[in-house]
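>>> Got a sequence here, can you model it:
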Amino acid sequence: MTADKVWLGNTAWPNNRSCGQFARDVFRLAGAQNDKQKAFAFFDWFTRSDAVLAPVIGDKAMPRTEVTKKLWAYIKKNGLQDAKKRTMINADEKLAAVFGGKTQVSMFEMTKLVNKDLKG
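You can find the predicted model right below:
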């Protein structure tokens, strides 16, 4: 089984396997040897952005943690964090498409909206 064939989703595990079997496959594919490495194996799982998110962070496969880093780098580079209320993000044209047309979202809502545009 290769990493591109594993499906991460909510409705069913691939090939009708149990959660434990699926987790062991993820750990094996990630090369996790100890508990600490296993704890971060799911964070290191690679995702792809869709056509809406790609102009902001790129279209190469990357872990979700890297998606967050690139998104924050884009926000800081373009000065999109609200000056008065720092937890709010003001959307430019590219981010407005990601945020579903909203002009301003909280950083917590941003994560939820961005996750919709990632493919596992």
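>>> distance between the ends of stretch 58-65?
14 Å (Cα to Cα, to the nearest Å).
>>> for it, what is the average pLDDT?
Confidence over stretch 58-65 (mean pLDDT, whole number) is 81.
>>> now do stretch 24-39
Mean predicted confidence for stretch 24-39 is 68.
>>> after the longest helix anywhere in the chain comes which helix or strand?
Secondary structure of the chain per DSSP state H: the longest helix is helix 64-77. For helix 64-77, the following helix or strand on the C-terminal side (DSSP states H and E) is strand 88-90.
>>> Please identify the buried residues of the longest helix of the chain?
64, 66-67, 70-71, 74-75 (16 or more other Cβ atoms under 10 Å). Just so you know, the C-beta spots here come from the backbone N, C-alpha and C atoms, and that holds for glycine as well.
>>> thought residue 96 was touching residue 102?
Yes. With contact defined as Cβ atoms under 8 Å, residue 96 reaches residue 102; the gap is 7.0 Å.
>>> And the longest helix of the chain, what does it pack against?
strand 46-49, helix 54-57, helix 107-115 (3 or more Cβ pairs under 8 Å, 6 or more residues apart in numbering; DSSP states H and E).
>>> run the last query once more with 10 Å
strand 46-49, helix 54-57, strand 62-63, strand 88-90, helix 93-98, helix 107-115 (3 or more Cβ pairs under 10 Å, 6 or more residues apart in numbering; DSSP states H and E).
>>> Which one of the ones you listed has the poorest average confidence?
strand 46-49 (a mean of 68).
>>> related to what we said a few turns ago, minimum distance to residue 33: which of the helices and strands packed on helix 64-77 has it?
strand 62-63 (18.4 Å; Cβ to Cβ).
>>> Assign residue 52 to helix, strand or coil.
coil (DSSP: H, G, I helix; E, B strand; the rest coil).
>>> Quick check: can you list the domain ranges of this protein?
3-39, 47-119 (automatic domain parsing).
>>> Packed most tightly, which of the ones you listed would that be?
Among the domains of the chain, domain 47-119 has the highest mean neighbour count (mean count of other Cβ atoms under 10 Å), at a mean of 15.
>>> Would you check that residue 51 makes contact with residue 94?
No. Here residue 51 lies out of contact with residue 94, judged by Cβ atoms under 10 Å, at a distance of 11.7 Å.
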